[in-house]
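>>> please work out how this folds:
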Amino acid sequence: WLTGRFDDMGYPRPEFDADQGAQAVKEAGGFIEMHHGSHEEKVVLINLVENKTLEPQEDDQRFIVDGWAAGKFDLDVPNFL
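Numbers count the residues shown, from 1 in each chain. Predicted structure coming up:
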């Protein structure tokens, strides 16, 4: 949203800050991950397997996106990702 690109796609800006978002994740039964080490991801893995989240591995530098989750919010998955 910082660059305005989501606005151009018609997605409204969230009306919460990072702390409120984290609290909502926790209240929904999720958890907040703490990443360790430097972040030098060179690969993006988009996971489309519904209801499956891949475990990050500290020695495997890849950024994992649960693309299937976008569909749960009625987002246009190919355009959103």
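>>> what sits closest to the residue most central in space within the chain if chain neighbours are left out?
Per C-alpha atoms, centre = their mean, the C-alpha nearest to the average position across the chain is that of residue 65, at 5.6 Å. If the residues on either side of it in the chain are set aside, residue 65 comes closest to residue 46, at 4.9 Å by C-beta to C-beta, 6 or more residues apart in numbering. Every C-beta, even on glycine, is put in place using the N, C-alpha and C of the backbone.
>>> by contact count, what packs against the strand or helix carrying that neighbour?
Assigned by DSSP states H and E, residue 46 belongs to strand 43-47. Here strand 43-47 touches strand 62-66, going by 3 or more C-beta pairs under 8 Å, 6 or more residues apart in numbering; DSSP states H and E.
>>> report the buried residues of the strand it packs on.
Burial within strand 62-66, assessed by neighbour count using 16 or more other C-beta atoms under 10 Å, is assigned to 64, 66.
>>> neighbouring contacts of the helix or strand following it?
The C-terminal neighbour of strand 62-66 among helices and strands, as given by DSSP H and E, is helix 68-72. For helix 68-72, contacts defined as C-beta atoms under 8 Å, 6 or more residues apart in numbering pick out 47-52, 76-77, 80-81.
>>> quick check: mean pLDDT of helix 68-72?
For helix 68-72, mean pLDDT rounds to 83.
>>> what do you get for stretch 32-49?
Averaging pLDDT along stretch 32-49 yields 79.
>>> state the distance from the nearest residue to residue 80 once chain neighbours are set aside to residue 77.
Excluding its sequence neighbours, the residue lying closest to residue 80 (C-beta to C-beta, 6+ apart) is residue 70, at 4.8 Å. Remark: distance between residue 70 and residue 77 (C-beta to C-beta, to the nearest Å) = 5 Å.
>>> contacts only, for residue 61.
Applying C-beta under 8 Å, 6+ apart, we find residue 61 in contact with 39-43.
>>> go through these and give me the one with the most neighbours.
Neighbour counts for the contacts of residue 61, by other C-beta atoms under 10 Å, peak at residue 41, which reaches 13 neighbours.
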